[in-house]
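In: Predicted structure and sequence below. I'll ask about it afterward.
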Amino acid sequence: LDRRSSWGARTLDYPFKILIVLFLTLCVTSSTYAEDARVLPKGRSRMALTTAQTGAITQTFNADGKPESITAPYNLELNSEKLRALPGLGTLIDTLNNLHYRYDVTKRNNAEHGVGVGEDATGIPIGEAVSRGLLNVEGRANRRQFNAQYQYGVTDRLSVGFMVPYIRTSVSIDHSFGGVNSAVDIRDFLNATSGNVNSDILKYLNQIASANSDTLQGLLTQRGYARVENWDGSGLGDIVAGGRFNYLNHQTSTGEWLSSFQAGVTLPTGKIRPPREITQQDFGQGAWDIGLANILNYSPTSLLTLSNGIHYTYRLPSHRIMRPRENPTDVIPDASSEEDVAVKLGDKFWATLGAKLSFTRAISIEGSYDWTWKKENRYSGSRPKDYSYLSEQTDSYLETIQIGASFSTIPAFMKFEFPVPAEVSVNVFVPTRGKNAIIAPYGTAELALFF
């Protein structure tokens, strides 16, 4: 699951011109609000609590930009190619091939279970034909996040603030077998017609033919992994702090122009899952980063504000405990492969266009569109093996649309008609296109207080 820091705000207009900054980070996707370039005036503060909730996350945009199941890489046929990587099975497959029998799946219901020999035999060598069938895996994830935020106006042009996230994530997994279990056919044929076949061959074939979910769980535990089970966890995310400087505030005959520069830093306070845990999720990115941005607002009238944001995030080098494979056939690297890997997460660039329509000083609606690019991650280690495969498909692209509404009590507060200066806002974010990116629609609700 990806995460990005962003600044945003709501438009508030009343006699004292209390100007605010909203600092919001979501670990569920890469999106931002129709951005506000304004800052808090000197001595003013804003406190807010934001909650975000995803729907069921079941899909991702693949390398071709097409939606597919998040478990698609694990839905595979346990055929001879995959089985060769397991201890002892590579020798089994070669031995079966040397028996010169062939297997034709279209004839598996005949007396020979689809196995034949001689010039008239069709199909492929029985060693290459060995398969347990299809492993079907379905997964769903949900994330909820609470962000506690505080901002303060240092001067009339500079605001600073920080955000502390608390995250809860749940993952559920279902798995089953389907397809053709050719190992049963080959085993039954050899049992019935080949008394001279080594008993170890029949033993291994029987193990493949009868393999089930518990068999795979046992294989994982033997190689130093925890069982694949449903998971529910919560914890502190990555803390973010930063500031914004308003360098342009100019009123012209055609409207008001505002532009601000902002910078922030992400502290890697979120826990990173250990390699042995397959279904657990990270609560942070495991690396420091520095974010820079420029936000421009143009208001042709008091009712309409157009916005544009240009953002760049540089990730600092970091380290992470991982299990890189020893070679291309090492499909399940065991605990002996575990090492401290040097990681350089890909930098990010994104741009936003947005608009906000204020029906009154208290009620407004807004929308924005976000384009995000992330470069490829890079990995290196101290052992003599190839780490480059870890970078495959770690670059990403995502487009997201956002629609929201807000209600402010500040106009009523200034008239002594309401006791608290506050704002309530709700937003919906929907990914529309992407590449190598999770499809995670989510909604947010926020309560902010000003003093």
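Out: Nice, I can see it.
In: tell me which residues in stretch 139-146 are buried?
Out: Neighbour-count burial for stretch 139-146, counted by 16 or more other C-beta atoms under 10 Å, picks out 139-145. All C-beta atoms are positioned from the backbone trio N, CA, C, and that covers glycine.
In: I should have written stretch 207-225 there, sorry.
Out: Here stretch 207-225 shows 207-209, 211, 216-217, 220, 223-225 as buried, counting by 16+ other C-beta under 10 Å.
In: which other residues reach it?
Out: Residues outside stretch 207-225 that contact it (C-beta atoms under 8 Å, 6 or more residues apart in numbering) are 78, 83, 86, 89, 130, 132, 135, 175-177, 181, 183-184, 187, 226-228, 276-278, 332-335, 338.
In: Only C-alpha atoms, please: export it in CSV.
Out: Output of stretch 207-225 as CSV, limited to C-alpha atoms (Å, rounded to 0.1, in the frame of the first residue of the first chain):
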residue,chain,number,x,y,z
GLN,A,207,2.7,-36.0,-2.0
ILE,A,208,2.1,-33.7,-5.0
ALA,A,209,-1.3,-35.2,-5.9
SER,A,210,-2.6,-34.9,-2.3
ALA,A,211,-1.1,-31.4,-1.6
ASN,A,212,-3.6,-29.0,-0.1
SER,A,213,-3.6,-25.7,1.8
ASP,A,214,-2.0,-27.3,4.8
THR,A,215,0.8,-28.7,2.7
LEU,A,216,1.6,-25.2,1.4
GLN,A,217,1.4,-23.7,4.9
GLY,A,218,3.8,-26.4,6.1
LEU,A,219,6.2,-25.6,3.2
LEU,A,220,6.2,-21.9,4.2
THR,A,221,6.8,-22.6,7.9
GLN,A,222,9.7,-25.0,6.9
ARG,A,223,11.3,-22.1,5.1
GLY,A,224,10.9,-19.7,8.0
TYR,A,225,7.6,-17.9,7.2
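In: Let me know the average pLDDT across it.
Out: Mean per-residue pLDDT for stretch 207-225: 90.
In: repeat for stretch 293-313
Out: 96.
In: try stretch 177-194
Out: 89.
In: Could you pull out the buried residues of it?
Out: For stretch 177-194, by 16+ other C-beta under 10 Å, it's 177, 180-187, 189-190.
In: Also stretch 443-451?
Out: 444, 446, 448, 450.
In: Buried residues, stretch 254-261. List them.
Out: Of the residues in stretch 254-261, those buried (16+ other C-beta under 10 Å) are 255, 258-260.
In: for the stretch 151-300 of the chain, what spans make up the strands?
Out: Using DSSP state E, counting those that start in this stretch, the strands found in the stretch 151-300 of the chain span residues 158-178, 231-236, 239-252, 255-267, 289-301.
In: Just put the buried residues of stretch 139-146 in TSV and tack on distance to residue 296.
Out: TSV is the format used below for those (distance: C-beta to C-beta, whole Å):
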residue	distance to residue 296
139	41
140	40
141	36
142	36
143	31
144	33
145	28
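In: What is the burial count for residue 437?
Out: The number of residues packed near residue 437 is 23, by other C-beta atoms under 10 Å.
In: Is it correct that it is in contact with residue 431?
Out: Yes. Using C-beta atoms under 8 Å, residue 437 makes contact with residue 431 at a distance of 7.0 Å.
In: that older thread, just the buried residues from the contacts of stretch 207-225, in PyMOL please.
Out: Applying 16+ other C-beta under 10 Å to the contacts of stretch 207-225, the buried members can be selected in PyMOL as follows:
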select buried, resi 78+83+86+89+130+132+135+175+177+181+183+184+187+228+276+278+332+333+338
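In: what residues are up against residue 306?
Out: Applying C-beta under 8 Å, 6+ apart, the residues near residue 306 are 297-300, 353-355.
In: Please tell me I have it right and residue 367 contacts residue 402.
Out: Yes. Using C-beta under 8 Å, residue 367 is in contact with residue 402, at 6.3 Å.
In: Just want to know which of those two has more residues nearby.
Out: residue 402 (21 against 17).
In: For that one, list each beta-bridge partner.
Out: With DSSP bridges as the criterion, residue 402 is bridged to residue 368, residue 429.
In: Okay, it and residue 167: tell me how far apart.
Out: 21 Å (C-beta to C-beta, to the nearest Å).
In: now swap in residue 313 and tell me
Out: Residue 313 is 19 Å from residue 167, by C-beta to C-beta.
In: Give me the more crowded residue out of these two.
Out: residue 167 (27 against 23).
In: which residues touch that one?
Out: Counting by C-beta under 8 Å, 6+ apart, residue 167 has contacts 27, 143-146, 234-237, 270, 283.
In: among those residues, which are in helices?
Out: Among those, DSSP state H puts none in helices.
In: Near the spatially closest residue to residue 430 that is not a sequence neighbour, how many other residues are there?
Out: Excluding its sequence neighbours, the residue lying closest to residue 430 (C-beta to C-beta, 6 or more residues apart in numbering) is residue 441, at 4.8 Å. Neighbourhood size, residue 441 [other C-beta under 10 Å]: 17.
In: Same check on residue 120?
Out: Count around residue 120 with other C-beta under 10 Å applied: 7.
In: Next, give phi and psi for it.
Out: Main-chain torsions, residue 120, degrees, to the nearest 10: phi -90, psi -10.
In: how far away is it from residue 414?
Out: 94 Å.
In: The residue nearest to residue 430 and residue 177, how far apart?
Out: Distance from residue 441 to residue 177, by C-beta to C-beta: 32 Å.
In: Residue 162 - how many residues pack around it?
Out: Neighbour tally, residue 162, other C-beta under 10 Å: 18.
In: Just give me how far stretch 92-103 sits from the chain centre.
Out: 43 Å (C-alpha atoms, centre = their mean, to the nearest Å).
In: Could you list the low-pLDDT ranges of this protein?
Out: 1-34, 194-196 (pLDDT under 70).
In: secondary structure element for the spatially closest residue to residue 408 that is not a sequence neighbour?
Out: Excluding the flanking residues, the one nearest residue 408 by C-beta to C-beta, 6+ apart is residue 423, at 4.5 Å. Take DSSP states H and E as the rule and residue 423 turns out to sit in strand 422-435.
In: Now find how far off-centre that strand is within its chain.
Out: 16 Å.
In: Run through who's touching it.
Out: 10, 12, 29, 31, 33, 61-65, 395-410, 413, 437, 439-450.
In: can you check stretch 282-290 too?
Out: 1, 3, 5, 27, 167, 169, 233, 235-238, 263-273, 313-318, 320, 343, 345.
In: Nearest residue to residue 303 in space, ignoring adjacent ones along the chain?
Out: residue 358 (5.4 Å).
In: so residue 93 is in which element?
Out: helix 89-97.
In: So which other helices or strands are in contact with that helix?
Out: helix 80-83, helix 126-129, helix 199-209 (3 or more C-beta pairs under 8 Å, 6 or more residues apart in numbering; DSSP states H and E).
In: Just put the ones you listed in TSV and tack on distance to residue 391.
Out: Listed next are the helices and strands packed on helix 89-97 as TSV, based on distance: least, C-beta to C-beta, whole Å:
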stretch	distance to residue 391
helix 80-83	23
helix 126-129	31
helix 199-209	33
